[in-house]
Every structure is written in structure tokens, then in C-alpha cells.
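**Student:** Dropping the sequence and predicted coords here.
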Amino acid sequence: MHVTPSLPPAFQRLAWSNLLAQAAEQIGLATAPLLAVFLFQANTGQTSTLQTIQSLPFLLLAIPAGLLADRSSRRVILAAAEGLRAFSFGLILLLLATQNLTLAALAWLGFVGAAGTVVYNVTVPGMVPLLVDRPSLPQANGRLELARSIAFTAGPGLAGLLFSAVGAPLAYVLALLLSLAAMNFLRALPGNVVVPQTASIAAALREGLIFTFRHDLLRPTVITAVIFNTSWFLLQAAYVPYAVEHLGLSAAQVGSTLAAYGVGMVSGALVAPWIGKRLRFGSLVIIGPVSAFVGALIMAGTIRYSSLVLAWISFFLFGAGPVIWAIATATLRQAVTPQALMSRVSAVIMTLTYGARPAGAAIAVVIGTRYGAATCMVAAAVGFGLQLMMILSSRVPRLPSIPAGHTA
């Protein structure tokens, strides 16, 4: 991965660790439902339950992880988080090798790995301002989003190809090796960073919540993100059985459609600077919600017109637009939030948006079990329509440029 020379070496090491950690996560996430469907013959309800359990840490652990990161060495926290993810991959491999793996064990080991993911993802944003100066934050955030996009591109495709060619064990071996390599890059990060202490946990959380929901720019972006994540995980939870049963896709083809999501993310991250110079800032923000809604309509259209190509286009749009949203809204948050509140506001937003993931997966359990995976695609399209209406009804789309300062 190319790293811009103007960013310091310490950040470059964090960026490499982030890339490898994200790739390990994506391979694990893509392999688990394939394993559930092809090894355990899991139905839509069971795969949705798997997704629900694996996404619960995003709801339960994001705020505790953020508070822990603010009060501890972030390098140690990152290494421990990645070690937890590596442990989950290793134990899955052991159970596969001894033929003792069950669907329940796969789900709860996914929970353990996701716990590592949550702690890692919550800690990284707080680490970045310690490694780069404030004017370089948008550039650094864009670099991390590009790394995440590359992982989303390579991870699912590799998982699908490896699963199809040689089975699940090699996919988990690769995920384990990537996770261990991510830990290795963390060793060289500075370990003597002094992190400010918060006197009262309750007061800190309350202040972050009040600021977020009283701010007329942050509030609609957070609500939009919550609806987006709920709809996205509703779709994701039901997609593999839908693709196999309704679209007739093989494991490799399912992996290729998931990889199209990553291709979209990379494309969006690469063109974001070019687009940002040519559009008003508010227009840049709404590209994501519009792109996701169109992608959801196309996916719902495959119910009538079964097509691998339409599935590819849908996942490409789910990746391309929302990654531009992620970069733009991160910049917006940094522009309007006082530095003293940055970590707390980030923890609140991450908890709400990540917490929507198990909610979406749980909705898929109910809808998928009663009405089938195809109905989940329609329900997701309705949700993506709501998130677009939410952001369009705010003043965010009318912003001519990045706000100059906070206006709580």
C-alpha cells in the first residue's frame, strides 16, 4: 500500500496494521456464513442469527472500549484487540481440524473476534491525532478509509475463492496470519503517549451525547448512519442464503459479489479528492445515501430479474458512495466538534452506528424466518430510502463548504 510521504512513519505503521487487520476481519466475516451454509446447511434464520451474534460486540462494547482507550496505552489496547481476533481464528481452525466445530461455536467465536474488532476500530481514531498534526487529519482519515476499502475488496474475494478451491481452513489460516502481522506493525508505535484522563465516566458520556444530539449537523448525519447500518446488516445477514438459493450463485460467485463492494470502496476512496474539489461539501455528503438507495433498489430488482451482474452493480454502489460519505462525515465531525470532546463524540457515534448492526441482523432473523430472504431485500430497500430522506431533510446538503468551526 502506498503511503503519502508527508505522513509520519508512525502513522504509516498504523496504516499498515489497519490494512492487515481489516483484511483479516473481512476474510473471517466472509468465510463464516459460507461455512454455515455449505457445512452446516444453515437456513436464512440461522445465518441471520450468526450475523446477529457476531455483531453484538458493536452494540455492547463500543463505549466501554472508547473509555478504555482514553485511559490506557493505545498501542497496548490495539495489540490486545488484534490478539483477541487472532485467538478466535486460531480456535476455529483447531475445532475444524478436530471436527468439533459447531454452528453455535462458530457464532460465539465470531463474537470473540468481533470484540477484538470493536476495540481496535474504536481505538484507531483516537490514535491518529497523536501521530499526525491537525491539518493532516483529513488526509490521514482518507488513507485509513482507502486501506479499509482495499481490505473489503481483497478479503471477501479471497475468502470465496479459497473456500471454493480448498475449503474453509486455508481461509482462516490466511486470516490468522494477517492478524498476527497486524500485531507486529503495532510494536513500533510510540508507547509513552500521555492520554488525558476524564474525571467522571457518566459525565463524559452525558456531555458527548448532549453535544451530538443538539448539534444540527451531527444529529441528522448520526441518524442517517444508524438507519443505513440497520438496513445494510439486514441485507447482509440474508444475502448469502438469498444468493445461493434465489440467484443460484456458487461460493466463488458469492465471494465475487462481496468483492465488488470492496472494488466500489476503493473506487470511491480514490475519486473522493477529485470529486471534493468539484462539488459543494453538502453535495459530497449525500453521494453516499443516494448511491446506497440505488444499490438497494437494484438488489431488490434481482428478485424478478435474477442476475449475477446486477448483484455486482448493487454491491459496487454500496461501496463506492458510502466510503465518500465516511470520509466527508469524518471531516465534518472533526470540523464542528471541539478537540476536548472529540473522543467522547466519536465513541457515542460509533456505539449508535455499530449498535445498529445487530439490530439489522435481528430484523433479518424475524423477516427471513417468516417470509424468506427475498423479503429481506425489499425491507432493506425501504430502509435505505428512509436514510436518504433523513439526510435530505436536514441542512447538511446545503453546506457550501466544510464548516469553519463548531456551532453547538
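**Tutor:** Right, received. Where do you want to start? Residues are numbered from 1 along each chain as shown.
**Student:** just checking, Ile324 touches Phe281?
**Tutor:** No: counting by Cβ atoms under 8 Å, Ile324 does not reach Phe281; the two are 11.5 Å apart. (Each C-beta comes from the backbone N, C-alpha and C, glycine too.)
**Student:** And those two? Which one has more around it.
**Tutor:** Taking other Cβ atoms under 10 Å, Ile324 and Phe281 do not tie; Ile324 has more neighbours (25 against 19).
**Student:** Name the helix or strand for that one, please.
**Tutor:** helix 308-336 (DSSP states H and E).
**Student:** Show me what the helix or strand that comes right after that helix is packed up against.
**Tutor:** As assigned by DSSP H and E, the chain's next helix or strand after helix 308-336 is helix 342-371. Other helices and strands packing on helix 342-371, by 3 or more Cβ pairs under 8 Å, 6 or more residues apart in numbering; DSSP states H and E, are helix 44-60, helix 62-70, helix 103-131, helix 201-214, helix 218-245, helix 308-336, helix 373-392.
**Student:** got a list of what the closest residue to Ser307 other than its chain neighbours touches?
**Tutor:** Among residues not flanking Ser307 along the chain, Leu247 sits closest, at 7.6 Å (Cβ to Cβ, 6 or more residues apart in numbering). By Cβ atoms under 8 Å, 6 or more residues apart in numbering, the contact set of Leu247 is 302, 306-308, 311.
**Student:** Filter the residues you listed down to the buried ones and hand me the PyMOL line.
**Tutor:** Buried members of these, defined by 16 or more other Cβ atoms under 10 Å, are picked up in PyMOL with:
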select buried, resi 302+308+311
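**Student:** For the contacts of Leu247, give me TSV that also has pLDDT and distance to Val76.
**Tutor:** Listed next are the contacts of Leu247 as TSV, based on pLDDT from 0 to 100; distance: Cβ to Cβ, whole Å:
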residue	pLDDT	distance to Val76
Thr302	93	46
Ser306	86	50
Ser307	88	49
Leu308	90	45
Ala311	93	42
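**Student:** ok, of the contacts of Leu247, which one's closest to Ala140?
**Tutor:** Nearest to Ala140, judged by Cβ to Cβ, of those is Ala311 at 33.6 Å.
**Student:** From what I see, that closest one and Gly301 are in contact.
**Tutor:** No: look at Ala311 against Gly301 with Cβ under 8 Å: they stay out of range, at 10.1 Å.
**Student:** how near is Ala259 to Gln253?
**Tutor:** As judged by Cβ to Cβ, to the nearest Å, Ala259 and Gln253 stand 10 Å apart.
**Student:** Give me the more crowded residue out of these two.
**Tutor:** Ala259 (26 against 18).
**Student:** In which helix or strand does the residue nearest to Leu399 when sequence neighbours are not counted reside?
**Tutor:** The shortest distance from Leu399 to any non-neighbouring residue, by Cβ to Cβ, 6+ apart, is to Gly282 (3.8 Å). Counting by DSSP H and E, the element that carries Gly282 is helix 281-301.
**Student:** try Ala188
**Tutor:** Judged by DSSP H and E, Ala188 forms part of no helix or strand.
**Student:** What is the neighbour count of it?
**Tutor:** 14.
**Student:** what do you get for Arg304?
**Tutor:** 8.
**Student:** what does Pro129 give?
**Tutor:** For Pro129, using other Cβ under 10 Å, the count is 16.
**Student:** same deal with Phe87?
**Tutor:** Phe87 has 16 nearby residues by other Cβ under 10 Å.
**Student:** Quick check: pLDDT value at it.
**Tutor:** On the pLDDT scale, Phe87 is placed at 95.
**Student:** and what of Ala165?
**Tutor:** 66.
**Student:** can you check the one 5 residues further on too?
**Tutor:** Turning to Leu170, the model gives it a pLDDT of 82.
**Student:** contacting residues for it?
**Tutor:** Leu162.
**Student:** mind checking the SS state of it?
**Tutor:** helix (DSSP: H, G, I helix; E, B strand; the rest coil).
**Student:** quick one: it from Asp216, how far?
**Tutor:** 51 Å.
**Student:** Among the contacts of Leu247, which one sits closest to Arg74?
**Tutor:** When the contacts of Leu247 are compared against Arg74 (criterion: Cβ to Cβ), the nearest one is Ala311, at 39.0 Å.
**Student:** Nearest residue to the closest one in space, please, no chain neighbours.
**Tutor:** Ala311 sits nearest to Thr257 (Cβ to Cβ, 6+ apart), 4.5 Å away.
**Student:** Could you check the angle the strand or helix carrying the one you found makes with helix 281-301?
**Tutor:** Using DSSP H and E, Thr257 maps to helix 251-276. Counting by axes from the mean of the first three to the mean of the last three Cα atoms, to 10 degrees, helix 251-276 lies at 160 degrees to helix 281-301.
**Student:** For stretch 24-33, list every residue counted as buried.
**Tutor:** Quick answer for stretch 24-33 (16+ other Cβ under 10 Å): 24-33.
**Student:** again, but for stretch 124-139
**Tutor:** Buried residues in stretch 124-139 (16+ other Cβ under 10 Å): 124-132, 136-138.
**Student:** ditto for stretch 181-188
**Tutor:** So stretch 181-188, judged by 16+ other Cβ under 10 Å, has buried residues 181-183, 185-186.
**Student:** Show me these that map onto strands.
**Tutor:** With DSSP state E as the criterion, strands contain none of the buried residues of stretch 181-188.
**Student:** Looking at those residues, spot the one nearest Ile227.
**Tutor:** Ala182 (31.3 Å).
**Student:** isn't the closest one right next to Leu14, touching?
**Tutor:** No: contact between Ala182 and Leu14 fails when scored by Cβ under 8 Å: they sit 10.1 Å apart.
**Student:** got any residues that touch both of the two?
**Tutor:** With Cβ under 8 Å, 6+ apart, Ala182 and Leu14 have no common neighbours.
**Student:** returning to that earlier point: how near is the residue nearest to Leu399 to Ala159?
**Tutor:** 37 Å.
**Student:** Then Val128?
**Tutor:** From Val128 to Ala159 the distance is 28 Å (Cβ to Cβ).
**Student:** Please report the distance of Glu245 from Phe318.
**Tutor:** Glu245 is 21 Å from Phe318, by Cβ to Cβ.
**Student:** Alright, that wraps it up for me.
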